[in-house]
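>>> sequence first, then the predicted structure, then my questions.
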Amino acid sequence: MIRVTVGEVVTAGLCPRRFALVRSGARAERPRGTPVGAIVHDVARAFVAAAPTDADLLRSLQPARPAPDEVAARVIALCDALFVDRVAPRILHFDGDDLLRAGAAIREVARLLSTLVRRARVAGASAEDAVRRTLVAAERSFVLPLATPAGDAQLAGRFDLMVRNEVDARVEVWELKTHAEESQAADEQAALYALALSHDLAGEGAPLRPAVIQLGPDGRVGLRAVGLPDARLLRDLGARVAAMATWAASPGGAPPTDERARCVACPVRAPCWERHGPTLGATATAPVDVLLGTDESGAEVRWSPDHPDQPLHNFGFLVTGDSGMGKTQLLRALSGEVRAAGLPVLIFDFKNDFSSPDFAATAGLRVHDVRDQGLPGNPLALLPDGGEVRPVEHAYQVAGILGRVLGLGVQQQAALRRAIIACYVARGLDGARHAATAPIAGPDFSEVLAAIDAAALRARLDPLVDLGLLRGGGDVPSALLSSGLVLDLHLVADPALANALVELALLAIHAHLLGGEQPRRLRRLLVLDEARRVASSSELAWLLREGRAFGLGCAIGTQYPGDLPDEVQGALATKLFLHNDQDAHRAAVCRQLLGTVSGDEALTLRRTLRDLPQLEGFLANPHHRPYRRLRVLPHHARAVATTRPA
């Protein structure tokens, strides 16, 4: 019988060599945040024990629909008291930053727990039962049996917190992480805990839902759900556990990690390098490096957003120029190259420039006809950010987009907002904030229309439902950001409706990214030609400004440089200016490339812009200063066909 802990299995998944060294007694550096983690765990465990008998908390839950702020205030007060009790004996182990971070983190966790407790009371449980039903258990040990090629194994572990979420009556296993860790490893650990406990509770309802609650360096808390292991993953785990027995017996034979970037912060890097030699070097994963074309000398010109020596400060790419001068060809080439590198690409196609089989099929893109199939997912679904959903805030955002794009009046927009909020309340989401680790299904837009009394407003919004453009089902980002997809909007009858659908999709993508990891390397690309149609979107501005942290690149095409507001243009690190007939627009290009429109150099540049042939322009970014003349290599002239499934 092979016996290991879940923590050891996860460590071996990150790096077999790290597991073998720790198992053999190598001294590991103490991760930053360990005192914070210990105290947060202690307070969470103590809260589960103390809450069911706390008179002030039970008093705040007496009304059938308790006030969210009152419940939150009481839960926070109880956690604060528990925090003080547990810090006092160990005060010398904390510096000032640790105390501030721990206190902030505990309040964030307390707020999440308060929404779960209140939701159980609103669902009909008594005050006492709401607390007991929500706070299932804390710090419980378990053993998970697992078949391996080397025989049966047992995985031992101890979960942090088990709670019940009344949104769907699922029990969730929360794994608290308090220092920088590999998100994949944290997810795997939580998933194994939930799987083990689901075995223990077999026959008592749906499988437990695993979730990771991550405490950031500033005390902010993020809560995300993860999937349970499938049959393939369990087979892989079995093979890993079998190999661990060999690595433990012969530590020198354990291989290094496949991701050498992990070695930078590895807690056993010193003993590892002492025994095996340095592992960092030229073996890092190659970043995306896209061939754009050639310069005047014939030298290759590339877009390298993650250049190891000088990464770009954002992954935005703007291309402007008159119709027929090569904007679409550049965007096609960029999309095809990024897709060939194995990254997801999402294209909003207003003019049928990207939906034709000659491009989409060779670039590994699936075409989704919005007129026939509607917008993928439901823009009224609620996506968690920091372990919470905010239905009222989302209602304001959706109503604001539809009000601005469709030209609704102030009163009409307010009526739409009230109808959306009423539909959320009907689903038990009556407060401003609710704890959630996974997306919560929202109402269909047809339900919202039914909740609107004003006939004139319903008439303005009816086409979204009557034409099948908003059909509900699922959340938008899971359908948009997972592979290669072209959203074909060119047949949507009303351009304003097409614009509204794009902005609703951008809103959902924004929410999805906030709830995810921050790789700060290009991980997906969004392509938007005819960007002037959504130039006023605050969601687009946010994606351009903050997208780099979340691994999102945005490639944008528009005819004139002045089509986009300064905030949007300033968030695009790379710009390509193609031929432009109008002198005013050529002057705007000169101002961006040279900082002036006067002088001999500016005059020469303006004339050259006027005379540029098709597919030629001036490229500018920190790698090509002040600018570089470029001849674009179009998609049809390069071999970037990908066999990746769309």
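Nice, thanks for sending it over. Residues are numbered from 1 along each chain as shown.
>>> ok, residue 468 - contacts?
Residue 468 makes contact with 372, 373, 374 under the criterion Cβ atoms under 8 Å, 6 or more residues apart in numbering. Bear in mind the C-beta positions are built from the backbone N, C-alpha and C, glycine included.
>>> separate out the buried members of those.
residue 374 (16 or more other Cβ atoms under 10 Å).
>>> reformat the contacts of residue 468 as CSV; add distance to residue 190 and pLDDT.
What follows is these, written out as CSV (distance: Cβ to Cβ, whole Å; pLDDT from 0 to 100):
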residue, distance to residue 190, pLDDT
372, 39, 93
373, 35, 92
374, 34, 93
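>>> got JSON lines for the contacts of residue 468, with distance to residue 292 and secondary structure too?
Output for the contacts of residue 468, formatted as JSON lines (distance: Cβ to Cβ, whole Å; DSSP: H, G, I helix; E, B strand; the rest coil):
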{"residue": "372", "distance to residue 292": "35", "secondary structure": "helix"}
{"residue": "373", "distance to residue 292": "33", "secondary structure": "helix"}
{"residue": "374", "distance to residue 292": "35", "secondary structure": "coil"}
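>>> which of the contacts of residue 468 sits closest to residue 105?
Minimum distance to residue 105 across the contacts of residue 468 is 41.2 Å, recorded for residue 374 (Cβ to Cβ).
>>> where does residue 631 sit: helix, strand or coil?
Three-state call for residue 631 (DSSP: H, G, I helix; E, B strand; the rest coil): strand.
>>> and for it, the neighbour number?
Neighbour count of residue 631, defined by other Cβ atoms under 10 Å: 19.
>>> which residues touch it?
293, 294, 295, 615, 616.
>>> in strands, which of those fall?
Members of the contacts of residue 631 lying in strands (criterion: DSSP state E): 293, 294, 616.
>>> give me the buried subset of the residues you listed.
For the ones in strands among the contacts of residue 631, buried by 16+ other Cβ under 10 Å: 293, 616.
>>> please identify the helix or strand for the nearest residue to residue 327 once chain neighbours are set aside.
Leaving aside its chain neighbours, residue 327 sits nearest to residue 557 (4.3 Å; criterion: Cβ to Cβ, 6 or more residues apart in numbering). Per DSSP states H and E: residue 557 is located in strand 552-558.
>>> with just CA atoms, put that strand into CSV.
Extracted C-alpha coordinates of strand 552-558, given in CSV (Å, rounded to 0.1, in the frame of the first residue of the first chain):
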residue,chain,number,x,y,z
LEU,A,552,-5.4,39.4,-23.0
GLY,A,553,-4.3,41.0,-26.2
CYS,A,554,-6.6,43.2,-28.3
ALA,A,555,-6.0,43.8,-32.0
ILE,A,556,-8.2,46.7,-33.2
GLY,A,557,-8.8,48.0,-36.7
THR,A,558,-10.4,51.3,-37.7
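>>> packing partners of that strand?
Strand 552-558 makes packing contacts with strand 316-320, helix 327-340, strand 524-528, helix 538-546 when contacts are defined by 3 or more Cβ pairs under 8 Å, 6 or more residues apart in numbering; DSSP states H and E.
>>> report the distance from the helix or strand following that strand to the chain centre.
Using DSSP H and E, the next helix or strand after strand 552-558 towards the C-terminus is helix 566-569. Here helix 566-569 shows a centroid-to-chain-centroid distance of 23 Å under the convention Cα atoms, centre = their mean, to the nearest Å.
>>> so what's the residue nearest to residue 327 up against?
Residue 557 touches 318, 319, 320, 327, 328, 330, 331, 528, 529, 530, 531, counting by Cβ under 8 Å, 6+ apart.
>>> so, low pLDDT: which residues of the stretch 201-350 of the chain?
Within the stretch 201-350 of the chain, the stretches falling below the threshold (pLDDT under 70) are 201-207, 216-219, 259-262, 264-265, 280-286.
>>> brilliant, that's me finished.
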